[in-house]
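Dropping the sequence and predicted coords here.
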Number of protein chains: 2
Amino acid sequence: MSKDPLVIFTPSGKRGTFPLGTPILTAARQLGVDLDSVCGGRGICSRCQITPSYGEFPKHGVTVEKDALNAWNAVEERYKSKRGLIEGRRLGCQATVQGDIVIDVPPESQVHKQVVRKRAETRDITLNPSTKLFYVSVQEPDMHDPSGDMERLIAALRADWDLPELEFDFSVLPLLQPALRKGQWKVTVAVHLGDDVVAPRIVHIWPEFYEGTIYGMAVDLGSTTIAAHLCDLQTGAVVASSGVMNPQIRYGEDLMSRVSYSMMNDNGAQEMTNAVRAGMDTLFAQIATEAGIEPALIMDAVFVCNPVMHHLFLGIDPFELGQAPFALATSDAISTRAQNIDLSNIHPAARIYLLPCIAGHVGADAAAVALSEAPHLSDDLVLVVDVGTNAEILLGNRQRVLACSSPTGPAFEGAQISSGQRAAPGAIERVEIDPITKAPRFRVIGSDLWSDDPEFATETLSSGITGICGSGIIEMVAEMRIAGIVDGPGLIGSPEQTGTDRCFLDGRTYSYLVYDGSADGGPKITVTNRDIREIQMAKAALYSGARLLMDKFGVDTMDRIVLAGAFGAHISPKHAMVLGMIPDCQLSRVTSAGNAAGTGARIALLNTQARSEIEQVVQNIDKIETAIEPRFQEHFVNASAIPNAVEKFPILAGHVTLPTATFNTGDAAGPTTRRRRRRG
Amino acid sequence: MSKDPLVIFTPSGKRGTFPLGTPILTAARQLGVDLDSVCGGRGICSRCQITPSYGEFPKHGVTVEKDALNAWNAVEERYKSKRGLIEGRRLGCQATVQGDIVIDVPPESQVHKQVVRKRAETRDITLNPSTKLFYVSVQEPDMHDPSGDMERLIAALRADWDLPELEFDFSVLPLLQPALRKGQWKVTVAVHLGDDVVAPRIVHIWPEFYEGTIYGMAVDLGSTTIAAHLCDLQTGAVVASSGVMNPQIRYGEDLMSRVSYSMMNDNGAQEMTNAVRAGMDTLFAQIATEAGIEPALIMDAVFVCNPVMHHLFLGIDPFELGQAPFALATSDAISTRAQNIDLSNIHPAARIYLLPCIAGHVGADAAAVALSEAPHLSDDLVLVVDVGTNAEILLGNRQRVLACSSPTGPAFEGAQISSGQRAAPGAIERVEIDPITKAPRFRVIGSDLWSDDPEFATETLSSGITGICGSGIIEMVAEMRIAGIVDGPGLIGSPEQTGTDRCFLDGRTYSYLVYDGSADGGPKITVTNRDIREIQMAKAALYSGARLLMDKFGVDTMDRIVLAGAFGAHISPKHAMVLGMIPDCQLSRVTSAGNAAGTGARIALLNTQARSEIEQVVQNIDKIETAIEPRFQEHFVNASAIPNAVEKFPILAGHVTLPTATFNTGDAAGPTTRRRRRRG
């Protein structure tokens, strides 16, 4: 047969004819097929594995004979015996075209492979990291044509890998000549492919073929905790995860108390900057140890955080964020050297990336949620709520995305609630109140049993029953409302009004007894009317932010709601809706996204194109500052009622019928008074 | 008159019509006239001063009436009373067009002003520094349209100054918000306009209009001394100069002994790197103190040096430079952060620039000489010789430039010469020997009198007569050759052969008595035959390098010779030619360029386009490695004779007739034997 054989790649469908003996890797490159290689076809790295298919392919119009590829060769034998090779696989650089052939490129052999995310409604991550490895053979120096070793290395990288003109990090200089000579002019280099600030450049060099991998860190820098995932930049896999408390906690639990600390103490901001950077450095060391890797193999890091943490981490006094007009020092994404933020447990040439902030109160964490949940790519209208001390709220679809933040306060984290506590074993997390007896049954963290189960007492012996966590208090108040213990305006009724002596006079208002452990030396867990007020304020803040976005969007309903944040994962949609914390929506369309901000950080770490994407998206998001919106106060007052003083919840009404009785006898302070004072 | 008035700028000749009331600065910008401004037309910076001309201009075809500009205004009055204004000058931003007008832009008002160099044969430096100042008014933050202060600053710089998309140095972040508020949203920023490695970016910010200037440092990092000039980046003026000994001296006087030190001592290279960086940092502090400025106002620095110093300064072990093939770790120009080379007495965001190296033995200092002396722009063929321990030699014209280096050794610096010494008061620097009496007369550094002057003894009382410096030994040997004391092969004759008992047997050869101060407790200054040998080897190395380039160029003569280096400035061209140190040439066409390497550093500091130019030029220079050129040895042997065993010096012969007698009686060792050993 005189015609050149046809090579067809799947799943891309790309095809072309190639001379007999052309390596499959070469054919793939010429056709632009996404087939990985670090060693450049030298049979070392094994990343170009392919699966040839034989037989009849009517779809492609070819018949593949048994000898369509060359015979299994010595390089492949050696590789297989040393490191193993899946049956039926060949190395793309060793297999050569001998006849018409169909070649499947398995997912793990693709350069831009997909990193699979667990939830069905979200996109996979396309792997496209900032830093990649390249193996290269460098021309030896020649006195007749003198040039620097670095210049010959860069020329080889350009020739073999079609890379742009490369610069090099200064830290590479002392490594270069020893590596080239130790590797006998063959080296592996890590190349940072450049960003807005710096040109593409060499960041590390190893003699010979470097068999290891390189890593990146995705960090969710929260006010309370810092959580990080160490990812393999070549596979996208999370290889270790860990978290530490934010050491700034000692300067204040919430953000505004930290801003105050900086205002009232000389060098206060600098102290907090030093604290969070030191904590971060410790966390990096901790995760590297856990994963058993050298910290210097961490070559990239992405951070998401709220604006105050953003500024403090970058060494900017957050003073301006504490007062109108809440001016950010910088809102765009930040790319800078890791050394500039005093990170030492990372490669010396590593750059770090902070996602852009959306506005003075809507930070890089909200941008990360937007990147993860992608409302801008949603065909239906989605409300994304990241519930925390500050709620970040996004509403939008392909046409338009709006964002705001709302100061919910710490009630949802169990703080400022009389029996509240952090989510930990012993905390009540699920509640049901019998509408007839008004008696509660509940579950605590650490046990799957309900409290009316005979084994419950035994199972909870070690943890005890210690308090109510954030998701528990939401269910509790909602159940109290359903059972007619709390009325629409938020008053707990008297024993007479509610028909249960679990309601008891507690000062000027009534409280509801959930659990009395005092006989066993345990706590007496109650819900006070003040607790109800705290929850009302928190949920009103959240709802009125969402309602404001709905006003701006010109809608009264949305297609779906995503609850983001670790806490969001534990909220019961029905109870949140009974509370009027989130707008009326089909319960089945209210989902949890888990730590969406952390996921956004991981996406930006693994795919630099996602960085450009979110930078663009953030530009186009309409930012709403709740503090200056006249209707916010009105929405807030309405939303203080449970579920709402004016808004109807027709979908919810199909599931739950709420009692209409009111308990007001004129002697309880309304929540709006206090709210005004807090925001004044 | 309904037609818009005509505005003509001189010296550019640019012209255009503008509506009545147009400020001259605006007209200049629209026409692309090179008129400076830092404050952007706010009447603050005074850099846009112009001189209007009135009356008849037949050449331009206009008549300028007395009222062709608006009346002198309050802003100008205030400026003049506060800081003065030359008679007849106006501020270009305040003077507005009222009729046809001719405007002269004085040199100091041009952005790309010329920095005048002293020598007639060289180009002036066009001012185009890496870092410039811009005054700008920034939009205040707006809650309705949230954006970062930095982003609004960058937007303002783009709008007002037509700058590219700017990044910012990380060190600017903490300064930004206080500066904007202190300056009431008016600030002055220093912008680094970018290079191959980093994007254009803001490097500093001052509240209000910053009245000061910013600086750059041009450094000649030599093996023995480090010399630096502090330059005003806005005017190009040298505001302070200073030098220190290179602290590496303690690891070895010459380069190869430092390379040996690094080979024989663990961390030897690192020690030397630390030493030179510490010395550099000290020098920066010293010059800043001398100039009375904050070191942080130094925003750029350019370094030139030989390859070994280049590597050690950059933290690269120079090991490979000590052996064939003399591979440079990197040859291209280096742009990096000053912090990377541990400089602290400089702005934290400052970048430094090292000129490219030409080859393993031809460094950034040679590139700087090429930039300063510009053989690539010369219509006639020029030989540039930078005389030092290592001589860098360039030969070329517009068509082609060749370069090599030649290891002359330290003899020209007075080392390894029995009565040699560094150039210092008391050192003999000029010599004449009477051809009849064979008696010398001389001058010493520190006095203008010859030694046969009656006042000489008195004038030199304090310094004494202590030895012979480098330029002195050249004259001495050349004069001895002219007077028939030394023959062509380099032997000192006996008293009988020379007719003077100043020649005396000194071991197996003869020496020549220059001066006997022993009666007064001073030294006895002689020239030994071994001294002659040292000079022969040094000058033979230099000449044979030049001769090799002439071979490669295919010429036997050149139009002119430039002697560069501090030492080059003191060499007598006639004596150098008698010695056969430089090729035959019209004496009037042998000039001195002073510290051309230092000048090259200053050019690269003040004009970033010169950096691109020299990077390009270096690429096109043909590098000759003398060590592997077969004819080098032959040239060297021939050049060991004084002036040369085979080459004719016809032009020199028109000035000087050299005796032809030879003193060889067969008992003196020839210099070539030892030379071979040294290079082996």
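Cool, got the structure.

List the residues that contact residue A:427.
A:414, A:421, A:444-445, A:466-469, A:472 (Cβ atoms under 8 Å, 6 or more residues apart in numbering or on different chains). Yep, even glycine has a C-beta here, placed from its N, CA and C like the rest.

So which of those residues belong to helices?
Assigned to helices by DSSP state H, the following of the contacts of residue A:427 qualify: residue A:472.

Please name the nearest non-neighbouring residue to the closest residue to chain B within the stretch 501-650 of chain A.
Per Cβ to the nearest Cβ, residue A:625 is where the stretch 501-650 of chain A lies closest to chain B, at 4.5 Å. In space, and not counting its chain neighbours, residue A:625 is closest to residue B:143: 4.5 Å by Cβ to Cβ, 6 or more residues apart in numbering or on different chains.

Tell me what residue A:467 is bridged to.
Taking DSSP bridges, one finds residue A:427 as the beta-bridge partners of residue A:467.

tally of neighbours for it?
Neighbourhood size, residue A:467 [other Cβ atoms under 10 Å in any protein chain shown]: 23.

Surely it touches residue A:419?
Yes - taking contacts as Cβ atoms under 8 Å, residue A:467 lies within contact range of residue A:419: 4.9 Å.

what is in contact with those two at once?
Joint contacts of residue A:467 and residue A:419 (Cβ under 8 Å, 6+ apart) are A:523, A:525.

rewinding a little: how about the contacts of residue A:427, which pair is most distant?
Greatest spatial distance among the contacts of residue A:427 (Cβ to Cβ): A:414 and A:444, at 13.2 Å.

the more surrounded of the two?
Under the criterion of other Cβ under 10 Å, the comparison of residue A:414 against residue A:444 puts residue A:444 first, with 27 against 22.

thinking again about what came up before, helix/strand/coil for the residue nearest to residue A:625?
In three-state terms, and counting by DSSP: H, G, I helix; E, B strand; the rest coil, residue B:143 is coil.

Okay, strands next: where are they in the stretch 401-550 of chain A?
Ranges of strands in the stretch 401-550 of chain A, per DSSP state E, counting those that start in this stretch, are A:401-406, A:427-433, A:440-444, A:467-468, A:503-506, A:509-516, A:524-527.

now the helices for the stretch 251-400 of chain A?
Applying DSSP state H, counting those that start in this stretch to the stretch 251-400 of chain A gives helices spanning A:255-264, A:268-291, A:307-314, A:364-373.

Tell me how far the third one lies from the chain's centre.
Relative to its parent chain, helix A:307-314 has a centroid offset of 18 Å by Cα atoms, centre = their mean, to the nearest Å.

pLDDT on it, on average?
For helix A:307-314, mean pLDDT rounds to 96.

Show me how the record splits chain A into domains.
Structural domains annotated on chain A: A:6-109, A:115-207, A:219-354, A:368-410+A:534-679, as defined by automatic domain parsing.

Next, format the ones you listed as a markdown table and append mean neighbour count.
Output for those, formatted as a markdown table (neighbours: other Cβ atoms under 10 Å in any protein chain shown):
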| stretch | mean neighbour count |
| --- | --- |
| domain A:6-109 | 17 |
| domain A:115-207 | 19 |
| domain A:219-354 | 21 |
| domain A:368-410+A:534-679 | 21 |
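
Between the ones you listed, which one is closest to residue A:503.
Shortest distance between residue A:503 and those, using Cβ to Cβ, is found for domain A:368-410+A:534-679: 9.6 Å.

chain center to the closest one: distance?
With Cα atoms, centre = their mean, you get 18 Å for domain A:368-410+A:534-679.

Please apply the same query to stretch A:285-300.
Distance of stretch A:285-300 from the chain centroid (Cα atoms, centre = their mean) equals 20 Å.

thinking again about what came up before, output the domains of chain A as JSON lines; include the columns distance to residue B:106.
Below are these laid out as JSON lines (distance: least, Cβ to Cβ, whole Å):
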{"stretch": "domain A:6-109", "distance to residue B:106": "59"}
{"stretch": "domain A:115-207", "distance to residue B:106": "39"}
{"stretch": "domain A:219-354", "distance to residue B:106": "40"}
{"stretch": "domain A:368-410+A:534-679", "distance to residue B:106": "45"}
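
right, and these - which one's nearest residue B:286?
domain A:115-207 (25.5 Å).

wait, isn't residue A:234 in contact with residue A:214?
Yes - between residue A:234 and residue A:214 there is a contact at 7.0 Å, judged by Cβ under 8 Å.

joint contacts of the two?
Common neighbours of residue A:234 and residue A:214 (criterion: Cβ under 8 Å, 6+ apart): residue A:133.

To chain B, which of the helices of the stretch 251-400 of chain A lies closest?
When the helices of the stretch 251-400 of chain A are compared by Cβ to the nearest Cβ, helix A:307-314 sits nearest chain B, at 5.7 Å.

How about the closest one and chain B, any contact?
Yes - under the criterion of Cβ under 8 Å from any Cβ of the partner chain, helix A:307-314 makes contact with chain B via residue A:314.

Stretch A:330-342 now?
Yes - under the criterion of Cβ under 8 Å from any Cβ, stretch A:330-342 makes contact with chain B via A:330-332, A:336-337, A:340.

Farthest pair within those residues?
A:331 and A:337 (20.5 Å).

So which bits of the stretch 551-680 of chain A are right by chain B?
Near chain B, the residues belonging to the stretch 551-680 of chain A are A:623, A:625, A:627-628 when assessed by Cβ under 8 Å from any Cβ.

Export the residues you listed to JSON lines and append columns for secondary structure and pLDDT.
Formatted as JSON lines, these follow (DSSP: H, G, I helix; E, B strand; the rest coil; pLDDT from 0 to 100):
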{"residue": "A:623", "secondary structure": "strand", "pLDDT": "92"}
{"residue": "A:625", "secondary structure": "coil", "pLDDT": "88"}
{"residue": "A:627", "secondary structure": "helix", "pLDDT": "82"}
{"residue": "A:628", "secondary structure": "helix", "pLDDT": "85"}
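
Quick one: residues contacting the closest residue to chain B within the stretch 401-550 of chain A.
Closest to chain B within the stretch 401-550 of chain A is residue A:403: 10.1 Å, counting by Cβ to the nearest Cβ. Listed by Cβ under 8 Å, 6+ apart, the contact set of residue A:403 reads A:358-359, A:362, A:366, A:370, A:392-395, A:549, A:621-624.
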